[in-house]
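> Have a look at this fold, sequence not included:
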């Protein structure tokens with residue numbers, strides 16, 4: 001039987017959300033060079049799915065798009081990710097002209113399978129401790145964990161650690177590269193007692209074929225008594241003083257990984273002695289240091305983790321504006337008159353500075369030729385989507401165009417539009433730190 005169309009994918013991935021209409025797109029491409037191809041889509045579950053359009057004509061060697069629409073469902077699918085009850089059939093026929101409704105003889109061409117994969121279902125599977133479902137979803141959609149926001153990944157990690165089989169689930173998620181930073185590694189205490197750490201773990205590589213994951217050095221070290229069947233913990237073999245010296249030579253990422261080995265390793269690897277050095281290396285040459293790092297009783301591990309998270313923050317707060325002085329310059333698109341007064345362009349004087357105040361006003365240096373002594377106020381506008389993600393965030397001066405917010409690698413701030421740019425002046429030496437009093441996650 002001649003194949004008349006080609007589909008983009010014979011598996012239809014549905015991003016399932018409970019009680020919400022969900023859509024997936026399938027592209028059909030005609031393989032006929034001379035005649036148009038009529039198609040008709042049928043589903044085994046018409047009470048659940050809609051197809052738009054259900055029929056149509058594809059001109060020679062062109063493609064068309066159809067939408068698979070899942071009606072709002074009151075409950076989670078009985079089986080996922082692979083749905084055993086839901087499938088689609090695409091019938092095709094070669095036609096010279098006319099409407100698909102006049103065709104009486106169709107040929108079966110393509111069968112589509114349905115898979116339900118979404119962060120909602122992933123969280124449900126983790127919450128129920130279903131490792132097989134989690135493993136299957138990751139296999140079907142390898143970017144599922146990578147596409148999670150930081151907040152979603154951290155929430156998923158916490159859920160996994162509350163399970164009875166937390167060791168298996170956490171190990172599975174971390175092997176699949178769940179994006180969690182060291183702050184959440186040390187705030188939770190995973191139980192790996194159910195995982196046989198002495199055995200090699202079989203995982204799948206990107207091509208889908210199984211490969212053997214070699215034990216990490218922390219697990220393979222100290223196998224001197226392997227003949228007797230004993231696998232000794234290097235912490236037991238070397239002692240805490242020796243291991244503390246060894247751990248002090250690791251980078252922060254490797255050091256954070258050792259927190260997951262066991263409770264004894266966690267106690268040793270979270271020592272302030274080790275993390276004080278890591279903090280000093282991290283904070284060197286940074287423009288700003290968060291105020292909450294001075295919190296009494298805060299461990300060095302927590303200080304490191306919280307400062308890394310704060311360095312990624314792109315939501316500027318009022319305290320950030322107040323605490324820093326800001327270099328100001330016009331951009332190339334600004335009028336020549338302004339740029340001719342700007343030391344950034346003339347190179348004759350120190351750069352212009354701007355200062356934000358808690359009362360909502362903004363001022364400049366007394367000798368600023370651009371300022372002109374006029375009144376100025378500022379506002380911070382932030383809006384959120386229903387899922388908690390920021391939809392819009394900007395700073396506006398008077399009625400001038402809104403400024404986009406960004407961070408530099410040295411944790412400095414930049415606010416800019418097409419006319420001018422603000423850059424925070426480094427002040428890491430400031431006693432007590434700068435910015436909000438509490439972490440903004």
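Yep, that arrived. Quantities reported herein were computed from a predicted structural model and do not represent experimental measurements.
> got the contact list for residue 435?
By CB atoms under 8 Å, 6 or more residues apart in numbering, the residues touching residue 435 are 288, 290, 291, 292, 310, 317, 319, 320, 323. Every residue, glycine included, has its C-beta placed from N, CA and C.
> Go again with 7 Å.
If you count contacts by CB atoms under 7 Å, 6 or more residues apart in numbering, residue 435 has them with 288, 290, 291, 317, 319, 320, 323.
> you'd agree the first one is up against residue 430?
No. Applying CB atoms under 7 Å as the test, residue 288 and residue 430 come out as separate, 8.1 Å apart.
> wait, what's in contact with residue 177?
Residue 177 makes contacts with 145, 146, as judged by CB under 7 Å, 6+ apart.
> how close does it sit to residue 136?
To residue 136, residue 177 is 17 Å away according to CB to CB, to the nearest Å.
> One more: residue 235?
Residue 235 sits 36 Å away from residue 136, going by CB to CB.
> and residue 378, that's in a helix?
No. Read with DSSP: H, G, I helix; E, B strand; the rest coil, residue 378 is strand and lies in no helix.
> close enough to count as contact, it and residue 400?
No. Using CB under 7 Å, residue 378 makes no contact with residue 400, being 9.8 Å away.
> more neighbours, those two?
With neighbours defined as other CB atoms under 10 Å, residue 378 and residue 400 compare such that residue 378 has more, 19 against 12.
> mind listing what that one touches?
Residue 378 makes contact with 356, 360, 362, 395, 396, 397, according to CB under 7 Å, 6+ apart.
> Give me the buried subset of these.
Judged by neighbour count, with 16 or more other CB atoms under 10 Å as the criterion, the buried members of those are 356, 362, 395, 396, 397.
> In the residues you listed, find the pair that's most separated.
Longest distance between any two of the buried ones among the contacts of residue 378 is 12.3 Å, between 356 and 396; criterion CB to CB.
> Report the helix or strand with the lowest average pLDDT across this protein.
Sorting the helices and strands of the chain by mean pLDDT, DSSP states H and E puts strand 201-204 at the bottom, at a mean of 41.
> Find me the pLDDT at residue 208, would you?
We have a pLDDT of 47 for residue 208.
> Residue 69 too?
Residue 69 carries a pLDDT value of 93.
> In three-state terms, label it for me.
Under three-state DSSP, residue 69 comes out as strand.
> which residues sit in contact with it?
Here residue 69 is in contact with 21, 23, 49, 50, 52 (CB under 7 Å, 6+ apart).
> Surely the second one touches residue 67?
Yes. At 5.6 Å, residue 23 counts as touching residue 67 under the criterion of CB under 7 Å.
> ok so, going back, so for residue 288 and residue 430, which residue has more residues nearby?
Using other CB under 10 Å as the criterion, residue 288 and residue 430 rank with residue 288 on top: 26 against 13.
> what phi and what psi does the backbone show at the more buried one?
Per-residue torsions, residue 288: phi -140, psi 150 (degrees, to the nearest 10).
> so what's it up against?
Here residue 288 is in contact with 411, 412, 424, 427, 428, 434, 435 (criterion: CB under 7 Å, 6+ apart).
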